[in-house]
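> what's the 3D shape of this:
(one chain, ligands or ions: 1)
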Amino acid sequence: MSTQKPLDSQKLAERLRKKSIDRQARAIRMTKFPGSAQATDLSLPPNCGGFGRIHHFRLEPDPNWVTNPLPTLPTCKYLGLPVTDVLLAQVFQLSACDFRCWYCFVDFSLLTADPKHSDMVTPKQLLQMMLDEKVNSQVIDLSGGQPELVPEYVLWFLEARKELGLEQSHFVWADDNLSTDYTWRYLSEAEITFMAQSHGFARVGCLKGFDAESFTFNTRADGALFDQQIELLGRFVAAGFDQYGYITITTMNTDDLPGKMARLLDEIQKRVHSNFPLRIVPLRIFGFNANVNRYIQQAEANQFRALEAWLAEVQRRFSATELSTPITEVNIRR
Ligand code: SF4
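All right, here's what the predicted structure looks like:
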C-alpha cells in the first residue's frame, strides 16, 4: 500500500525541466544506463555510448493478458513490414519524471535529472550514434522518465530525423505520461503542427489508473491530475496527432470495478473521441530488479480483475466488427 507522502508533481515537473534542457545548444538530459539497476534487467547491453537500449516489444506479453499491438502495428504499417511477434526498438530515456509509480521499471535515481546517471546530448548526436553503430532497428522509442517535461525532445528528434534523411526508414514512437501540458506551454503552434503532421510518427499517452484513487495509488501524485490526463489525451487528438493510449489498472481497491470502468469510458468517449477506447491497450505490470523493493504483489494480482471489468465494458460499447478493427485503422478524426 502506498503510505508515502503525496508528491507535488507540478512543482517537481518545473524543477526537472530546468535541469533537463539547454535550448541554445538544443541539448537534453538523457539517461546513461551503465551501473543502474535497470541495466541488470536489460537482455542486451546498453548501446549508443550508454544512452541507448534495445527493447523487445512483444505482441503477447503474457498468455493471460490481452495482446499488445503497440507500437508493432503502427511501425510495421509505416515501414511496410509484415507484423512480427517481437519488434526490436531503439530506446532513449529522458532522465526525469514527475511521477513516482511503485511499479516503474526505471530506478528512481534515473528520474531526477541527476548528472551521475545522465548527460546533456542532442537528438542529432543520438541518431548519429545509432547510425554509426549500425543498430538493427527501424523504430526509435522516445521514452523516459516523462518525455513531455521537455517537449523539445520529440520535436528536435523529428527535425534531426528529417535532416539526416531518415524519415522513410525510421519510425518514431513517443511515450507520454500525460502529466503536463508542456507541449502547448513551451512549443509554438508551428512546431506542434510540424510534429502532428510528421509521417512515421505516433504518440502514446498512459493513463495511470482508472479513477483518481487508483491514479494516486499508482503515481503518488494528486488525484485531480487524473482528470487532466483525459483532458490532455483529448488535446493531442484534437491537434491531429496519431495518438494511442495505454492504461495501467493496478489497484488495491476492487470495489465496483464495473461501475468505475463504465464512468471512465464515458469520460474518454465524451472528451477524447467516441472511438478512442479502441486505441487504448491495458498494460500488464510486471516485477523487475529495478522495482523489487517497492513492488506491491496484491495490486499486481488485482490488475487481472480490473482487466476483466475493462474488457467487459469495452465489449458492451463496441460491435464485434469494431473490436476486431486493427488499432491503426481506428478512426479518431472528427
Ligand atoms: S510515469 Fe513512467 S517513468 Fe514516471 S515513475 Fe511512472 S512508470 Fe516511471
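> list the buried residues in stretch 193-206.
By 16 or more other Cβ atoms under 10 Å, the buried positions in stretch 193-206 come out as 195, 196, 198, 200, 201, 202, 203, 204, 205, 206. For the C-beta atoms, the positions are set from N, CA and C on the backbone; glycine is no exception.
> and the strands in the stretch 101-250 of the chain, which stretches?
For the stretch 101-250 of the chain, the strands defined by DSSP state E, counting those that start in this stretch cover 118-121, 139-143, 171-176, 201-207, 243-248.
> out of those, flag the one nearest residue 127.
strand 139-143 (7.8 Å; Cβ to Cβ).
> list the pairing partners of the closest one within its sheet, with orientation.
Sheet pairing of strand 139-143 (DSSP bridges) gives strand 86-93 (parallel), strand 171-176 (parallel).
> neighbouring contacts of that strand?
The contact list for strand 139-143, computed with Cβ atoms under 8 Å, 6 or more residues apart in numbering, reads 55, 71, 75, 87-94, 127, 130, 153-154, 157, 161, 170-175.
> buried ones among those residues?
By 16+ other Cβ under 10 Å, those give 55, 71, 75, 87, 89-94, 127, 130, 153-154, 157, 161, 170-175 as buried.
> dump the strands of the stretch 101-250 of the chain into TSV; add mean pLDDT as well.
Below are these laid out as TSV (pLDDT from 0 to 100):
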stretch	mean pLDDT
strand 118-121	98
strand 139-143	98
strand 171-176	97
strand 201-207	98
strand 243-248	98
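> and the ones you listed as JSON lines, adding distance to residue 286?
Shown next, in JSON lines, are the strands of the stretch 101-250 of the chain (distance: least, Cβ to Cβ, whole Å):
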{"stretch": "strand 118-121", "distance to residue 286": "25"}
{"stretch": "strand 139-143", "distance to residue 286": "16"}
{"stretch": "strand 171-176", "distance to residue 286": "17"}
{"stretch": "strand 201-207", "distance to residue 286": "15"}
{"stretch": "strand 243-248", "distance to residue 286": "11"}
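> one step back: of all the buried residues of stretch 193-206, which comes closest to residue 278?
Among those, and counting by Cβ to Cβ, the member closest to residue 278 is residue 204, at 14.1 Å.
> what about the closest residue to that closest one other than its chain neighbours, distance to residue 145?
Closest residue to residue 204 apart from its sequence neighbours, by Cβ to Cβ, 6 or more residues apart in numbering: residue 244 at 4.4 Å. According to Cβ to Cβ, to the nearest Å, residue 244 stands 19 Å off from residue 145.
> more crowded one of these two?
Set residue 244 next to residue 145 and count neighbours by other Cβ atoms under 10 Å: residue 145 wins out with 29 against 26.
> next one: the more buried one from the ligand, what distance?
5 Å (Cβ to the nearest ligand atom, to the nearest Å).
> who are the neighbours in contact with that residue?
31, 93, 94, 95, 96, 97, 106, 110, 111.
> in TSV: those, plus pLDDT.
Below are these laid out as TSV (pLDDT from 0 to 100):
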residue	pLDDT
31	97
93	98
94	98
95	98
96	98
97	98
106	93
110	95
111	97
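> show the buried residues in those residues.
Counted by 16+ other Cβ under 10 Å, the contacts of residue 145 give 31, 93, 94, 95, 96, 97, 106, 110, 111 as buried.
> wait, doesn't the last one sit right on residue 96?
If I follow you right, that is residue 111. Yes: counting by Cβ atoms under 8 Å, residue 111 does reach residue 96; the two are 6.1 Å apart.
> overlap in contacts, these two.
144, 145.
> ok so, going back, any chance of the buried residues of stretch 193-206 in JSON lines, plus distance to the ligand?
Listed next are the buried residues of stretch 193-206 as JSON lines, based on distance: Cβ to the nearest ligand atom, whole Å:
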{"residue": "195", "distance to the ligand": "21"}
{"residue": "196", "distance to the ligand": "23"}
{"residue": "198", "distance to the ligand": "24"}
{"residue": "200", "distance to the ligand": "24"}
{"residue": "201", "distance to the ligand": "20"}
{"residue": "202", "distance to the ligand": "18"}
{"residue": "203", "distance to the ligand": "15"}
{"residue": "204", "distance to the ligand": "12"}
{"residue": "205", "distance to the ligand": "11"}
{"residue": "206", "distance to the ligand": "7"}
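> nearest to residue 101, out of these: which one, please.
Nearest member of these to residue 101, counting by Cβ to Cβ, is residue 206, at 9.6 Å.
> residues in contact with that closest one?
Residues near residue 206 by Cβ under 8 Å, 6+ apart: 175, 176, 177, 178, 245, 246, 247, 248, 283.
> keep those, but drop any that are not near the ligand.
When contact is defined as Cβ under 6 Å from any ligand atom, those meet the ligand at residue 177.
> who in this structure is up against the ligand?
Residues of the chain lying near the ligand (Cβ under 6 Å from any ligand atom): 97, 99, 100, 101, 104, 106, 111, 144, 145, 146, 177.
> farthest pair within those?
Maximum distance among the residues of the chain next to the ligand (Cβ to Cβ): 12.9 Å, for 100 and 144.
> out of those two, which sits in the more crowded spot?
Neighbours of residue 100 and residue 144, each counted by other Cβ under 10 Å, are more numerous for residue 144; the result is 27 against 18.
> I am finished for the moment; much appreciated.
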